[in-house]
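A.B. asks: What follows is a protein structure lacking sequence information:
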């Protein structure tokens, strides 16, 4: 694979003021927790790279993308973009994903404590559980998996294939949106999450990509408040019914 559109006049350590459109593309790498060398398909950049009939018609987005390629912030491959060390360093206010996740967990603990619910943490190494809701005898009532976002064009949370299968009456998700001035939480049963993850991905695979090609399957999934295609059981703002529903964890 080769790098396209590089400019030999740009030094690796030279600082270049980037266009807002270029910064928006770099933020997608941050939102997805990308590491150096990770490649994101062009159709997975959301509003940062809007494809129209197999190309980018917005001149500002084209300019931002070319700026990243020529400045060696990203590497252009046939089907997507790879992030470089220089690109990761340029992402403004990049907070490590681990810190965002920890902030979300502590915020959920605070919300539970202030409602009189006892909270514990599972033993180290326990998979798919971040917090435990306990009764007065310290018996486990609910297992909670916390998903936290701080930014991103689609307003959603990153999930994986395994979340299509994680279903239990005891398992609940709390989706924390820290992009808002005051964080917002959505308390959702695992059966609902598994279904929306499964159906949204299946629908996405069945539709042609914006360039007319077939979507490539991967381990990546998304829970979004609004999907860019029709899901009869999950219309726009379907998550609102679970907003701040801490009472569901008391049953």
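C.D. replies: Sure thing, it's come through. Since this is a predicted model, take the numbers as computed values, not measurements. Numbers count the residues shown, from 1 in each chain.
A.B. asks: Can you mark which positions in stretch 169-176 are buried?
C.D. replies: Residues of stretch 169-176 classed as buried: 171-176 (neighbour count, 16 or more other C-beta atoms under 10 Å). All C-beta spots, glycine's among them, are computed from the backbone N, C-alpha and C.
A.B. asks: got the domain boundaries for the protein?
C.D. replies: 20-90, 97-250 (automatic domain parsing).
A.B. asks: Show me which strand runs longest in this structure.
C.D. replies: If you go by DSSP state E, the chain has its longest strand at strand 140-149.
A.B. asks: Report the distance from that one to the chain centre.
C.D. replies: 17 Å (C-alpha atoms, centre = their mean, to the nearest Å).
A.B. asks: Paired strands for the following helix or strand past it, with orientation please.
C.D. replies: Next helix or strand after strand 140-149 toward the C-terminus (DSSP states H and E): strand 157-160. For strand 157-160, the paired strands and their directions (DSSP bridges) read strand 220-223 (antiparallel).
A.B. asks: For residue 74, give the beta-bridge partners.
C.D. replies: Beta bridges link residue 74 to residue 83, judged by DSSP bridges.
A.B. asks: show me what contacts it?
C.D. replies: Residue 74 makes contact with 25-26, 68, 81-84, 87 under the criterion C-beta atoms under 8 Å, 6 or more residues apart in numbering.
A.B. asks: Tell me how many other residues crowd residue 61.
C.D. replies: Neighbour count of residue 61, defined by other C-beta atoms under 10 Å: 21.
A.B. asks: Make 33 the first number, not 1, from now on.
C.D. replies: Fine by me, first position is 33 from now on; the one you just mentioned is residue 93.
A.B. asks: I'd like to know the phi and psi angles of residue 151, please.
C.D. replies: Per-residue torsions, residue 151: phi -130, psi 140 (degrees, to the nearest 10).
A.B. asks: beta partners of it?
C.D. replies: residue 165.
A.B. asks: Apart from its chain neighbours, what residue comes closest to residue 248?
C.D. replies: Distance criterion C-beta to C-beta, 6 or more residues apart in numbering; nearest residue to residue 248, sequence neighbours excluded, is residue 73 at 6.3 Å.
A.B. asks: Does the one you found touch residue 112 like I think?
C.D. replies: Yes: judged on C-beta atoms under 8 Å, residue 73 makes contact with residue 112 at a distance of 4.3 Å.
A.B. asks: With neighbour numbers in mind, choose between those two.
C.D. replies: Taking other C-beta under 10 Å, residue 73 and residue 112 do not tie; residue 112 has more neighbours (18 against 15).
A.B. asks: State the distance from the more buried one to residue 64.
C.D. replies: According to C-beta to C-beta, to the nearest Å, residue 112 and residue 64 sit 12 Å apart.
A.B. asks: Alright, calling it a day.
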